[in-house]
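In: generate coordinates for the sequence data below:
(one chain, ligands or ions: 1)
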Amino acid sequence: MGLEAARARLIDCLSQEISDKRVLSTMARVPRELFVPPDSYYSAYEDMPLSIGFGQTISQPFIVALMTQALELKGDERVLELGTGSGYQAAILAELAKWVVSVERVPQLAESARQVLEKLGYANIEIHVAEKTLGWPAGAPYDAIIVTAGAPRIPNALLEQLSFGGRLVIPVGSRWEQDLLRVTRRKKRNFIESLGGCRFVPLIGEGVWEG
Ligand code: SAH
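Out: Coordinates of the predicted model:
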């Protein structure tokens, strides 16, 4: 099967569980094959995670769709992503929001993501190499935060970077399996929903996992 046919089949499959049409049409447009290593080119539209080197992975398309939908982006938001990885999720966010700040721990991944995103012409994404504090406080507050690595708990440092009414989507659990949570920041008590089970590489840093 050619890439175009594989892509159409994937979007058709995602549309059975994902209702947000903006998310689906964006995923039908962003070329995932450019974000995976050359030897995975023809697997780019399989619904599975793929290795991107440095022990890291580009998330499964269904999970990308689910997490993006949960952020409820309308187009005018500032979004923070933790875990740039390949840059694919950042591209999806950039299509659906106004400005994207994405941070990555591995400098080589940050650099290659920067290159492919620049080649594709994205001008509303800034990529930073992660510092000691989680996230990117200098750009706060964000209307939405997406964490594409698993954490042992909901980090306070991230809630503090979220605006009131903003959504944080984050996998929380053990190193091996997590529950995908959506936390809506409220003045009194935050609102937490579970979106289902998932499996992410660990989020490494202060107050989360040790590298
Ligand atoms: N969103 C990516 C997938 C990322 S995999 C994509 O679309 O391809 C998770 C990434 O999180 C890895 O690249 C890992 O290096 C990074 N990571 C782990 N801990 C981090 C931290 N504290 N801050 C930023 N990135 C982190």
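In: put the alpha carbons of stretch 91-110 into CSV.
Out: What follows is the C-alpha trace of stretch 91-110 in CSV, where atoms were taken according to Å, rounded to 0.1, in the frame of the first residue of the first chain:
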residue,chain,number,x,y,z
ALA,A,91,3.4,20.5,14.3
ILE,A,92,-0.1,19.3,15.0
LEU,A,93,-0.4,21.8,17.9
ALA,A,94,1.0,24.6,15.7
GLU,A,95,-1.8,24.0,13.2
LEU,A,96,-4.5,24.2,15.9
ALA,A,97,-3.3,27.0,18.2
LYS,A,98,-1.6,30.4,17.9
TRP,A,99,1.8,29.7,19.5
VAL,A,100,3.6,26.6,20.6
VAL,A,101,6.5,26.4,23.1
SER,A,102,8.0,22.9,23.1
VAL,A,103,10.8,21.7,25.4
GLU,A,104,13.1,18.6,24.9
ARG,A,105,15.7,17.1,27.2
VAL,A,106,17.9,15.6,24.4
PRO,A,107,19.6,18.4,22.5
GLN,A,108,20.0,16.3,19.3
LEU,A,109,16.3,15.6,19.2
ALA,A,110,15.5,19.3,19.8
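In: what strand or helix carries Ala70?
Out: Element membership for Ala70, per DSSP states H and E: helix 61-71.
In: how far off centre is that helix?
Out: Its chain's C-alpha centre and that of helix 61-71 lie 8 Å apart, by CA atoms, centre = their mean, to the nearest Å.
In: try stretch 93-107
Out: The gap between the average C-alpha position of stretch 93-107 and the chain average comes to 8 Å, counting by CA atoms, centre = their mean.
In: try stretch 203-211
Out: The offset between the C-alpha centroid of stretch 203-211 and the centroid of the whole chain comes to 18 Å, using CA atoms, centre = their mean.
In: hmm, who's touching that stretch?
Out: Outside of stretch 203-211, the residues that reach it under the criterion CB atoms under 8 Å, 6 or more residues apart in numbering are 82-83, 105, 130, 132-134, 147, 149-153, 155-157, 175, 202. Bear in mind the C-beta positions are built from the backbone N, C-alpha and C, glycine included.
In: quick one: end-to-end length of it, please.
Out: The separation between the terminal residues of stretch 203-211, taken as CA to CA, to the nearest Å, is 9 Å.
In: what packs against the helix or strand in which Val172 is found?
Out: With secondary structure defined by DSSP H and E, Val172 is part of strand 162-173. On a contact count with 3 or more CB pairs under 8 Å, 6 or more residues apart in numbering; DSSP states H and E, strand 162-173 meets helix 61-71, strand 142-147, helix 156-159, strand 178-184.
In: list the buried residues of the first one.
Out: By that I understand helix 61-71. For helix 61-71, the buried set under the neighbour-count rule, 16 or more other CB atoms under 10 Å, comprises Pro61, Phe62, Ile63, Val64, Ala65, Leu66, Met67, Thr68, Gln69, Ala70, Leu71.
In: same question, stretch 129-145
Out: Along stretch 129-145, the positions that meet the burial threshold by neighbour count (16+ other CB under 10 Å) are Ala130, Thr133, Leu134, Gly135, Trp136, Gly139, Ala140, Tyr142, Asp143, Ala144, Ile145.
In: go through these and say which is closest to the ligand.
Out: Ala130 (3.7 Å; CB to the nearest ligand atom).
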